[in-house]
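Q: The following block contains a protein sequence and its predicted model.
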Amino acid sequence: MEAAGRLPVQPWMRTAEVSAVLAALAGAGAPARFVGGCVRDALLERPVKDIDIATPEPPDRVVQRLAAAGIRVVPTGMAHGTVTAVIGRWNAEVTSLRVDVETDGRHARVAFTDDWGADAARRDLTINALYCDPDGTLYDPVGGLADLRAGRVRFVGRAALRICEDALRVLRFFRFHAWYGRTAPDGDGLAACRAGAALLHRLSGERVAGELLRLLAAEAPLPALALMLDHGILAAILPEHRGLERLAGLIAAEDAAGLPDRERRLAALIRSEVAAAEAVADRLRLANRQRDRLAFLAAPPVRVVQGLGPPQVRQVLYWIGPERFVDLTLLAEADGGGDLAPERAVARAWQAPRLPLRGRDALALGVAPGPHVGQALAAVEAWWAAEDFQPDHTACLAKLRAVLLSAGSGA
């Protein structure tokens, strides 16, 4: 493979961890090269988050060489030639060069090779098929450098064939367009994605969620989402969507506040119904935390509006927490609720107070244990919060005694 230029050697290329992995892989004399996202982002002078390394060594020998160098190996995808090299808290994916032997739209059976060009030819997008030697020498077998400089997202080879091999590439096309596209979308790629929308139902929820959330994390995801909406892709993966108007308002509010969040954006993208939120969470196999957040934002138990005074803001913060409070302020702004920056300023300074009573205080009053103790404490807590958390232990104890007497529990 001929060199296509040079990337200035980056600090991450020279770290002790990267050097150790490269030294281990170089034991057989075969070159190991950086590939994909780390090369692409370095060329664009963007932060490099993940380091991927390609090698002509087959995965069993990769494991042997890394282990012999004292590097812990996690066999994350041995069948597809990928292992994770772990040194302390640092890790990198190491993948053997490969070619597809058989594909079914979801999974591929691969064979390993020492042919860098063949490895590049089976990759999805040209900007993902850039390789770089440890000394910065670049290799561009499929025209990814020109596409990267032009802000063009393009499939390697025939777009329709790439999508038939793995339908997830439909979503990856739009995700990469959101992050890297600066021109009109590639016509062949867009047509192939439109035709491939019918294959998306075969993908696992986790894979769809991963691509959708990464797309929503882009600085400006709306143009890519508008393309997905116009070409039937969004409806295929998210039938609960409500269009893009509310999301556009949310992104404007997030930009002004400097508070982007992909899960909040997902909430703005779907109908404000608990059933819709739960259907999305089920289909995309979201984590429980994500599920609960979507359901809460679909039908919040409180409403945050412009002009709330600090005491009211503190009460809402106490019951729902600062993260969800910020969510509600930004979604309110998306719905035309005005500027809620003053309310968020109260939230930034918020430190949750602690109710100065415990169950033992009720027992000390001679009250027998039972559910009525918790009910009484909850009533005192509601009163204490309504009093802006000012009553001290003595005042709260007096209130507890009054609540217990009123309930006939004795005190």
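A: Received the coordinates, thanks.
Q: What mean pLDDT does whichever strand or helix holds residue 83 get?
A: Residue 83 belongs to strand 82-87 when elements are defined using DSSP states H and E. When pLDDT is averaged over strand 82-87, the result is 92.
Q: Other residues contacting it?
A: By CB atoms under 8 Å, 6 or more residues apart in numbering, the surrounding residues in contact with strand 82-87 are 17, 20-21, 53, 59, 62-63, 66, 71-77, 91-96. Heads up, the C-betas are built off the backbone N, CA and C, glycines and all.
Q: Give me the sheet partners of it and which way each runs.
A: Strand 82-87 has the following strand partners under DSSP bridges: strand 72-77 (antiparallel), strand 90-96 (antiparallel).
Q: most packed of these?
A: strand 90-96 (a mean of 20; mean count of other CB atoms under 10 Å).
Q: mind exporting that one as PDB, just the C-alpha atoms?
A: Taking only C-alpha atoms (Å, rounded to 0.1, in the frame of the first residue of the first chain), the coordinates of strand 90-96 have been written out as PDB:
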ATOM      1  CA  TRP A  90      -6.200   2.400  29.400                       C
ATOM      2  CA  ASN A  91      -7.300   0.100  26.600                       C
ATOM      3  CA  ALA A  92      -7.200  -0.100  22.800                       C
ATOM      4  CA  GLU A  93      -8.900  -2.400  20.300                       C
ATOM      5  CA  VAL A  94      -6.600  -4.500  18.200                       C
ATOM      6  CA  THR A  95      -8.200  -6.000  15.100                       C
ATOM      7  CA  SER A  96      -6.700  -8.400  12.600                       C
END
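Q: contacts for it?
A: By CB under 8 Å, 6+ apart, the list of residues contacting strand 90-96 from outside reads 15, 17-18, 21, 25, 32, 35, 50-59, 62, 66, 74, 76, 80-85, 112.
Q: Can you select the buried ones among the residues you listed for me in PyMOL?
A: Buried members of those can be picked out in PyMOL with the line below, counting by 16 or more other CB atoms under 10 Å:
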select buried, resi 17+18+21+25+32+35+51+52+53+54+55+56+57+58+59+62+66+80+81+82+83+85+112
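Q: Could you list which of the contacts of strand 90-96 belong to helices?
A: Secondary structure from DSSP state H places 17, 18, 21, 25, 59, 62, 66 of the contacts of strand 90-96 in helices.
Q: which of the residues you listed lies closest to residue 163?
A: In terms of CB to CB, no member of the ones in helices among the contacts of strand 90-96 lies closer to residue 163 than residue 59, at 26.5 Å.
Q: Contact partners for the closest one?
A: 75, 78, 81, 82, 83, 96, 112.
Q: nearest to residue 238, of those residues?
A: Relative to residue 238, the closest of these is residue 82; by CB to CB it sits at 29.0 Å.
Q: Excluding covalently adjacent residues, which one is nearest to the closest one?
A: Distances taken as CB to CB, 6 or more residues apart in numbering place residue 95 nearest to residue 82, at 4.5 Å, with adjacent residues excluded.
Q: any idea how far residue 77 is from that neighbour?
A: Using CB to CB, to the nearest Å, one obtains 8 Å as the distance from residue 95 to residue 77.
Q: burial of residue 129, as a residue count?
A: The burial count assigned to residue 129 is 26, neighbours taken as other CB atoms under 10 Å.
Q: Would you check that it makes contact with residue 157?
A: No: in terms of CB atoms under 8 Å, residue 129 does not count as a neighbour of residue 157; the distance is 10.4 Å.
Q: if we can go back for a sec, measure the residue nearest to residue 82 to residue 168 for me?
A: 17 Å.
Q: what's the answer for residue 36, then?
A: Distance, residue 36 to residue 168, using CB to CB: 16 Å.
Q: Residue 93 now?
A: 17 Å.
Q: do residue 140 as well
A: As judged by CB to CB, residue 140 and residue 168 stand 24 Å apart.
Q: With residue 209 instead?
A: As judged by CB to CB, residue 209 and residue 168 stand 11 Å apart.
Q: related to what we said a few turns ago, just put the strands paired with strand 82-87 in CSV and tack on mean pLDDT and distance to residue 290.
A: Supplementary listing: the strands paired with strand 82-87 in CSV, determined by pLDDT from 0 to 100; distance: least, CB to CB, whole Å:
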stretch, mean pLDDT, distance to residue 290
strand 72-77, 89, 23
strand 90-96, 92, 24
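Q: need those strands in CSV with distance to residue 353, can you?
A: As requested, the strands paired with strand 82-87 are arranged in CSV below (distance: least, CB to CB, whole Å):
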stretch, distance to residue 353
strand 72-77, 44
strand 90-96, 40
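Q: which stretch among the ones you listed comes nearest residue 232?
A: Closest approach to residue 232 among the strands paired with strand 82-87 is made by strand 72-77 (31.2 Å; CB to CB).
Q: picking that back up, show me which of the contacts of residue 59 is closest to residue 184.
A: Looking across those and measuring by CB to CB, the closest to residue 184 is residue 82, at 33.8 Å.
Q: That closest one pairs with what?
A: residue 77, residue 95.
Q: Wait, residue 186 touches residue 153, no?
A: Yes: applying CB under 8 Å as the test, residue 186 and residue 153 come out as touching, 6.3 Å apart.
Q: With neighbour numbers in mind, choose between these two.
A: With other CB under 10 Å as the criterion, residue 186 and residue 153 differ in neighbour count, and residue 153 comes out ahead with 28 against 21.
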